[in-house]
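K.L.:
Predicted model and sequence follow; I will ask about them next.
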Amino acid sequence: MGTPPRFWALCILASCTPADPPNRFNGPAPDPEDFRALGYAGWEDTEEDTPLSGVTLHVADEVLAGVNLYTDQENTCLALDMQGRELHRWTVPEHDQVECFELLAGGVILVLSVDQGVSRLDRDSRVIWRTDLAAHHDLAVLAGDEVIVPTHREVLHAGRRVRFDELTHLDEDGEVLGVWDSHGAREALAKHHAPHPLDSPANAPTDTIYDFYHLNAVEVLPTEVSGFPATSKLLCLRNVDLLVLLSPDYSEILWSFGPGVLDQPHSPSLTPEGRILVFDNGRGRGHSRLVEIDPSTDRVTWTWEATPPEAFFSPIRGACQRLADGHTLVTESERGRVFELDAAGERVWEFWSPHIVDGQRRRIYRMRRVLPSHVASWLQDR
């Protein structure tokens, strides 16, 4: 792999840690068994005799027109128009759990396949490079097409086999530049969340594998935001209800938020106004919501819930994206549904996964929308 990778340690600085760490998780005190590393099911039962499929709502003069990107969670990446018609597909060879992808110039994509690695494909699905990694959940693309991807490794921790997450930094050719390790950073991170049940010694030997943080998102700040420097890393640690900003060199925790407010969150992202939008799953409360936070004040500036609240619920996974016109694209993963909300919180577009077999619907990990200009040149060339 060329030059040996650098490993970044996380410093413990009093200036960037709260005086008193949060004293509870959001909900009942968890048991170590709540943190077992479990796989995700890809299908959801459909109760309807004639299940909803494809685009079921499209208020044409209200939606932000674009191209919708998602995967079938097998080996196919899809680009759809606003009517749900397929514009393009990429097939990822030799991989079978494609979770998400990022679209680059010219129809090139970067693809994450769970526990298999990251691939760069051209628009005709030819592999440009592939790096084998225990990759999961997300990709962040930097300038020059460098990539940061969550990975994990297993550690013997307090008498248990425990997965700890990493951030693996790849160059534009897929070579490893460096790795940030949450196991080495756990003392610093612990100052920002409740005591973790997996820190307590195991009662007896076990072959069960546990999941300490469950890092499920990484985003790189493109510019300075509220005094936080460009290229800081925004992370989501689901199992401790925590969002953090790491400094550009991974050496400090610059900001944290979540315990006592968020419940098993996913998909934090920066909005054009410099706020952080997050999918708050609400696994403990039985309904999901969207939350927007001002990181300069830690104030919740906006929330959205369905009416009734239980009508919107994805206990795991889930995603949200603030669109250029201020609308919000929401992926309710476990139901296989995506919908667009206008600024008033009203639905103006809805899509249901059309992949239905024997009364089961394929779930959608996440959908992202890009503007037509992002695909026009290479789609027209075909």
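P.N.:
Sure thing, it's come through.
K.L.:
low-scoring stretches of the stretch 1-150 of the chain, by residue?
P.N.:
With pLDDT under 70 as the threshold, the stretch 1-150 of the chain has low-confidence stretches at 1-30, 38-50.
K.L.:
List the buried residues in stretch 320-334.
P.N.:
Neighbour-count burial for stretch 320-334 flags 320, 321, 322, 323, 327, 328, 329, 330, 331, 332, 333, 334 (criterion: 16 or more other C-beta atoms under 10 Å). Just so you know, the C-beta spots here come from the backbone N, C-alpha and C atoms, and that holds for glycine as well.
K.L.:
End to end on it, go ahead and measure it.
P.N.:
14 Å (C-alpha to C-alpha, to the nearest Å).
K.L.:
So for that stretch, mean pLDDT?
P.N.:
The average pLDDT within stretch 320-334 is 97.
K.L.:
what do you get for stretch 254-268?
P.N.:
According to the model, stretch 254-268 has a mean pLDDT of 98.
K.L.:
check contacts around residue 65.
P.N.:
82, 372 (C-beta atoms under 8 Å, 6 or more residues apart in numbering).
K.L.:
Going forward, the N-terminal residue is numbered 43.
P.N.:
Sounds good: first residue 43 from here, last item residue 107.
K.L.:
Pretty sure it sits in a strand.
P.N.:
No. Per DSSP: H, G, I helix; E, B strand; the rest coil, residue 107 lies outside any strand segment and is coil.
K.L.:
any idea how far it is from residue 123?
P.N.:
Using C-beta to C-beta, to the nearest Å, residue 107 is found at 9 Å from residue 123.
K.L.:
ok, residue 340 touching residue 299?
P.N.:
Yes. In this structure, residue 340 is within contact of residue 299 by C-beta atoms under 8 Å, at 5.8 Å.
K.L.:
The two: which is more packed in?
P.N.:
When neighbours are counted by other C-beta atoms under 10 Å, residue 340 and residue 299 differ, and residue 299 comes out ahead with 23 against 11.
K.L.:
residues in contact with that one?
P.N.:
284, 285, 318, 335, 337, 340.
K.L.:
With pLDDT, secondary structure and distance to residue 183 as extra columns, can I get these in JSON lines?
P.N.:
Output for the contacts of residue 299, formatted as JSON lines (pLDDT from 0 to 100; DSSP: H, G, I helix; E, B strand; the rest coil; distance: C-beta to C-beta, whole Å):
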{"residue": "284", "pLDDT": "99", "secondary structure": "strand", "distance to residue 183": "24"}
{"residue": "285", "pLDDT": "99", "secondary structure": "strand", "distance to residue 183": "20"}
{"residue": "318", "pLDDT": "98", "secondary structure": "strand", "distance to residue 183": "19"}
{"residue": "335", "pLDDT": "98", "secondary structure": "strand", "distance to residue 183": "24"}
{"residue": "337", "pLDDT": "98", "secondary structure": "coil", "distance to residue 183": "22"}
{"residue": "340", "pLDDT": "97", "secondary structure": "coil", "distance to residue 183": "28"}
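K.L.:
Mark which of those residues are buried, thanks.
P.N.:
Members of the contacts of residue 299 classed as buried by 16+ other C-beta under 10 Å are 284, 285, 318, 335, 337.
K.L.:
wait, doesn't the third one sit right on residue 276?
P.N.:
Looking back up the chat, that one is residue 318. Yes. If you go by C-beta under 8 Å, residue 318 and residue 276 touch, sitting 7.0 Å apart.
K.L.:
list residues touching both of these two?
P.N.:
Common contacts of residue 318 and residue 276 (C-beta under 8 Å, 6+ apart): 285, 310, 311, 312.
K.L.:
Contacts only, for the first one.
P.N.:
If I follow you right, that is residue 285. Residue 285 sits next to 276-279, 298-300, 304, 307, 310, 318, 320, 335 when contact means C-beta under 8 Å, 6+ apart.
K.L.:
Output stretch 405-424 as CSV, nothing but the C-alphas.
P.N.:
Output in CSV follows, covering the C-alpha atoms of stretch 405-424 (Å, rounded to 0.1, in the frame of the first residue of the first chain):
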residue,chain,number,x,y,z
ARG,A,405,-35.7,-1.0,2.6
ILE,A,406,-33.9,2.2,1.5
TYR,A,407,-30.7,3.0,3.4
ARG,A,408,-30.7,6.6,2.2
MET,A,409,-31.6,8.7,-0.8
ARG,A,410,-29.7,11.8,-1.9
ARG,A,411,-30.9,14.4,-4.5
VAL,A,412,-28.5,16.2,-6.8
LEU,A,413,-29.3,19.1,-9.2
PRO,A,414,-29.9,18.2,-12.9
SER,A,415,-26.7,20.2,-13.8
HIS,A,416,-24.7,17.6,-11.8
VAL,A,417,-25.5,14.9,-14.3
ALA,A,418,-26.5,16.6,-17.5
SER,A,419,-23.2,16.4,-19.4
TRP,A,420,-22.4,12.7,-19.0
LEU,A,421,-26.1,11.5,-19.2
GLN,A,422,-26.5,13.4,-22.5
ASP,A,423,-23.3,11.9,-23.9
ARG,A,424,-24.7,8.3,-23.6
